[in-house]
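J.: I'll drop the sequence and a predicted model, then ask my questions.
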Amino acid sequence: MQKNITLVLSPKEASCEKYYFKHIVKKTGISPNRIKKIQLNNRSIDARNKNVKVHLQLTVFIDELPQQEPNEELNLTNVSNKEPVVVVGSGPAGLFAALKLIENNIKPIVIERGKDIKSRKRDIALIHKNISLNPDSNYAFGEGGAGTFSDGKLFTRSKKRGNIKDILKILKYHGAAADILIDAHPHIGSDKLPDIIKRIRETIIYFGGEIHFETKLTELIISNNSIEGVKTQNGDVIKTKAVVLATGHSARDVYKMLYKQNILLEAKPFAMGVRMEHSQQLIDSIQYSCQVRSKYLPAATYNLVQQVDGRGVYSFCMCPGGVIVPASTSPDEMVVNGMSPSHRNTKWANSAIVVEIRLDDIDYNSIADTLNGLNFQGNYEKLAFENGGEGQIAPAQRMVDFATNKISNTLPDSSFRPGLHSSPMHEWIPENIKTRLQQGLKSFNNKMIGYFTNEAVIIGVESRTSSPIRIPRNRDTFMHPQIKGLFPAGEGAGYAGGIVSSAVDGQNCASGITEFLKNL
């Protein structure tokens with residue numbers, strides 16, 4: 001017999017089965033010797049009140065053991081000699097598209113403009129030391145895409161688009177902790193993701209797929225509005241009937257290539273702002289209503305949103321116990337992002353604080369203006385570069401100083417390793433972003449008392465929360481409405497936001513390709 005129950009416990013009681021076993025006995029009324037196994041299905045924290053609670057959803061097996069779990073081995077066969085499909089980009093969308101293609105007996109040929117993880121790490125180290133920036137090997141480009149060195153958050157609201165559990169199980173198979181299958185807000189960590197991505201690459205190659213690094217797409221070969229192949233910067237031509245275009249939202253040259261080839265694109269809303277950094281101790285004290293966080297609680301997070309003058313101002317990609325990193329893809333721009341290691345154990349908490357940018361905030365008068373959002377982003381990033389320090393030293397300002405139009409004479413300690421330069425950000429951030437940020441930050445203090453403090457620092461700029469361009473596709477087939485065989489996928493195509501939703505989208509496009517090839 002099985003019984004599903006929910007327990008609401010203190011953090012310590014919820015931390016270990018030996019602590020919550022007695023609560024199971026009490027709730028079920030079952031004799032302890034009849035309980036053969038306890039399965040934890042879901043775990044979430046409720047910090048809405050001062051007395052923080054943890055919710056556990058469990059299955060209790062009474063007088064019986066659960067059936068043995070099926071073998072976790074992937075159901076794949078070798079596809080070396082099967083129909084080839086080119087996958088452009090090795091981020092979550094591209095890698096999971098490749099795995100699904102193999103599952104569907106199709107050979108993926110993944111081309112990636114950047115380097116393998118080991119080589120990419122060396123290039124990223126040079127950015128942190130403010131020595132050099134490789135436009136094709138950085139936090140955005142390279143094996144695993146922007147996801148490789150990201151925070152590794154696996155929470156998504158896109159639950160109707162595909163099988164989220166399938167994505168999590170594949171990540172677990174490749175080395176992620178089993179906790180991702182039970183936590184309400186699962187997380188891997190920037191220190192763990194690279195090895196997981198490497199193992200996924202090894203799986204793809206083992207089953208007959210190909211992955212080519214330092215191979216940038218330069219042109220789609222199209223005849224009669226149908227894909228026939230791709231060209232790379234090496235001058236190579238790869239023939240294929242279908243392409244998964246999963247290049248990420250930072251691949252601006254790809255949007256320009258599509259525009260030059262007269263392939264339909266659409267402008268879409270996006271968001272831009274700054275990266276905010278507090279001490280993690282302050283965020284813990286606000287969220288958990290305590291001076292010192294219990295060792296049974298994780299570093300606290302937050303989620304803030306406020307309407308200001310008809311536009312949303314909100315937190316995005318909040319990284320507890322994390323660091324801020326230089327995410328530029330060109331030496332003449334300044335872009336920052338945030339991430340957390342698996343233990344979320346640094347002394348800082350950071351989050352993007354961004355302002356909604358709608359189509360009527362930018363001039364879009366004709367199809368010729370489709371790329372204006374990219375230009376708007378790029379100009380913002382160049383402003384940040386010009387107002388920062390040398391190289392990848394970022395412009396920064398204390399929070400209250402920014403909100404009250406004052407110059408910061410000093411800056412607090414920060415996780416941003418290239419370094420910070422005190423800058424009057426209130427003078428050069430575009431007015432429609434600046435004024436909404438200022439009002440939004442002040443209003444956030446009503447929701448988190450103590451949040452609005454001059455001990456926090458804003459760092460410029462957070463500009464790539466999403467793409468300002470969507471590559472259109474049919475809802476049912478996932479194929480571009482104009483070009484047969486072109487399957488736009490992931491964040492860069494405008495259909496996902498984060499690791500899991502991008503992975504699901506990649507799988508969906510691979511399934512669309514399978515049907516497309518069957519019907520040729």
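T.: Yep, it's here.
J.: Would you map out the domains in this structure?
T.: Residue ranges for the domains of the chain, per automatic domain parsing: 2-62, 84-265+471-518, 267-462.
J.: Of all these, which one comes closest to residue 73?
T.: Nearest of the domains of the chain to residue 73, taken as CB to CB: domain 84-265+471-518 at 8.1 Å. Quick note: C-beta positions are derived from backbone N, CA and C, even for glycine.
J.: Endpoint to endpoint, the closest one covers what distance?
T.: End-to-end distance for domain 84-265+471-518, by CA to CA, to the nearest Å: 13 Å.
J.: where's residue 381 relative to residue 352, distance?
T.: Counting by CB to CB, to the nearest Å, the gap from residue 381 to residue 352 is 14 Å.
J.: do the same with residue 240
T.: The gap separating residue 240 from residue 352 is 37 Å, by CB to CB.
J.: now do residue 255
T.: Taken as CB to CB, the span from residue 255 to residue 352 is 22 Å.
J.: Alpha carbons only: can I get stretch 120-139 in CSV?
T.: The C-alpha coordinates for stretch 120-139 follow below in CSV (Å, rounded to 0.1, in the frame of the first residue of the first chain):
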residue,chain,number,x,y,z
ARG,A,120,36.9,28.3,-23.3
LYS,A,121,37.8,28.3,-19.6
ARG,A,122,41.2,29.8,-20.5
ASP,A,123,39.6,32.5,-22.6
ILE,A,124,37.2,33.4,-19.8
ALA,A,125,40.1,33.6,-17.3
LEU,A,126,41.7,36.2,-19.6
ILE,A,127,38.4,38.3,-19.4
HIS,A,128,38.4,38.1,-15.6
LYS,A,129,42.0,39.3,-15.5
ASN,A,130,41.0,42.1,-18.0
ILE,A,131,43.7,41.0,-20.4
SER,A,132,41.6,40.2,-23.6
LEU,A,133,38.2,39.2,-24.9
ASN,A,134,37.7,36.7,-27.7
PRO,A,135,34.4,37.5,-29.5
ASP,A,136,33.8,33.8,-30.2
SER,A,137,34.9,32.3,-26.9
ASN,A,138,33.5,34.0,-23.8
TYR,A,139,30.5,33.7,-21.4
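J.: returning to that earlier point: ok, residue 240 and residue 352, which is more surrounded?
T.: Counted by other CB atoms under 10 Å, residue 240 and residue 352 do not tie: residue 352 has more neighbours, with 25 against 19.
J.: Show me what that one is bridged to.
T.: residue 275, residue 316 (DSSP bridges).
J.: Might you report the residue contacts of it?
T.: 273, 274, 275, 276, 315, 316, 317, 318, 337, 338, 462, 465 (CB atoms under 8 Å, 6 or more residues apart in numbering).
J.: Against residue 26, how distant is the closest residue to the fourth one other than its chain neighbours?
T.: With sequence-adjacent residues excluded and distances taken as CB to CB, 6 or more residues apart in numbering, residue 276 is closest to residue 353, at 4.9 Å. When CB to CB is applied, the distance between residue 353 and residue 26 equals 45 Å.
J.: Neighbour count: the two, which is higher?
T.: Higher neighbour count among residue 353 and residue 26: residue 353, with 23 against 10, using other CB under 10 Å.
J.: who's in contact with that one?
T.: Taking CB under 8 Å, 6+ apart as the test, what residue 353 contacts is 273-276, 304, 313-316, 437, 440-441, 458, 462.
J.: Pick out the lowest-pLDDT one from these.
T.: Lowest pLDDT within the contacts of residue 353 is found at residue 316 (94).
J.: so for the longest helix seen in the chain, what's the average pLDDT?
T.: For the chain, the helix with the greatest residue count under DSSP state H is helix 499-518. Averaging pLDDT along helix 499-518 gives 97.
J.: so how far is that helix from its chain's centroid?
T.: 18 Å (CA atoms, centre = their mean, to the nearest Å).
J.: circling back to that earlier point, of the contacts of residue 353, which is the most crowded?
T.: Neighbour-wise, these (other CB under 10 Å) top out at residue 274, 30 neighbours.
J.: from what I can see residue 356 touches residue 269, true?
T.: Yes: Residue 356 is in contact with residue 269 according to CB atoms under 8 Å; the separation is 6.6 Å.
J.: Identify the contacts common to those two.
T.: Going by CB under 8 Å, 6+ apart, no residue sits against residue 356 while also sitting against residue 269.
J.: What helices and strands are in contact with the lengthiest strand in the chain?
T.: Ranked by number of residues, the top strand in the chain under DSSP state E is strand 35-46. When contacts are defined as 3 or more CB pairs under 8 Å, 6 or more residues apart in numbering; DSSP states H and E, strand 35-46 sits against helix 17-28, strand 53-62.
J.: Return the most buried member of those.
T.: Sort these by mean neighbour count, taking mean count of other CB atoms under 10 Å, and strand 53-62 sits at the top with a mean of 18.
J.: Pull up the pairing partners for that one, direction included.
T.: By DSSP bridges, strand 53-62 pairs with strand 2-9 (antiparallel), strand 35-46 (antiparallel).
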